[in-house]
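In: Got a sequence here, can you model it:
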Amino acid sequence: MKHYTSHVCVALLFAGALLTNSAVAQDKPAANQTKPTSQPAGADMAEMMKKAEAAGKPGAPHTGLQSMVGEWKAEARFWMAPDAPPVASTGTSKVRAIHGGRFVQEEFTGTFMGKPFTGTGITGYDNTKQKFVSIWLDDMSTGMLMTEGTADASGKVFTFEGKMDCAMTGEKNKAVRCILRVESPEKHIFEMHDPSLGEKSRTGEIVYTRK
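Out: As a prediction, this is how the structure comes out:
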């Protein structure tokens, strides 16, 4: 029963996500971290401002995200239990670049278990973290899923990790994993996984085809 409700919880949370897309729940500061005791002045401040400006400039990872911009048809399957037949649904997705190409924003519209469903996702690349960062929110929850991730050597497989609190089971900081596989400029596949389920960790899959 625990595996069943856990599966449902993850499937529901990701019911319309594209890029599971803010960062993973923040870790507590290390014990040896110290806060600056005074404001830097003069040349130090100028150097810090240069670093901040450089960190704010979009680069190659941001350019790569632009391939997601456009309108998409979505075909989804969700598994309510590891060995159960999937629940199928369809939807549409509109993705646009925002804030000078630093982020892409998705607006998803579809159905889940026979009910209307809408969701919003924002994904970018944090130059300071050197990681992709993403946030997802929708009309089935009052929470937000925040993840961060990396791309493989090919630049076509992205793995995002995050944590969630499950209202169904009461679990806190439950690990979740999302994998985005870019097959071509016209098609990509988004997978949702519950790492606690072992080999049968997949809880959902959405196939996106460009309109």
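In: what stretches of this structure score poorly on pLDDT?
Out: The model of the chain has pLDDT under 70 over residues 1-43.
In: where along it do the strands fall?
Out: Secondary structure of the chain (DSSP state E): strands at 70-78, 87-98, 103-112, 115-126, 131-138, 145-151, 157-164, 174-184, 187-193, 202-210.
In: Which of the ones you listed sits closest to Ala52?
Out: With C-beta to C-beta as the criterion, Ala52 lies closest to strand 115-126 of these, at 13.1 Å. Every residue, glycine included, has its C-beta placed from N, CA and C.
In: Of all the residues in that closest one, which ones are buried?
Out: 117, 119-125 (16 or more other C-beta atoms under 10 Å).
In: picking up where we left off before, please identify which of the strands of the chain is closest to Ala60.
Out: That would be, of these and by C-beta to C-beta, strand 115-126, which comes in at 8.8 Å.
In: Who does Gly91 form a beta bridge with?
Out: Beta-bridge pairing for Gly91 (DSSP bridges): Ala74, Gly110.
In: Asp139: what's its closest spatial neighbour, skipping adjacent residues?
Out: Setting aside the residues directly before and after it, Asp139 is nearest to Thr118 in space (C-beta to C-beta, 6 or more residues apart in numbering), at 5.1 Å.
In: That neighbour: what's it in contact with?
Out: 16, 107-110, 138-139 (C-beta atoms under 8 Å, 6 or more residues apart in numbering).
In: same thing but at 7 Å, please
Out: Contacts for Thr118 were tallied using C-beta atoms under 7 Å, 6 or more residues apart in numbering; they are 108-109, 138-139.
In: Most neighbours among those residues, which one is it?
Out: Phe108 (24 neighbours; other C-beta atoms under 10 Å).
In: hmm, who's touching stretch 89-109?
Out: 16, 18, 58, 62, 65-66, 68-76, 110-112, 118-124, 208.
In: Just the buried subset of the residues you listed, please.
Out: 16, 18, 58, 62, 65, 68, 72, 74, 76, 110, 112, 119-124, 208.
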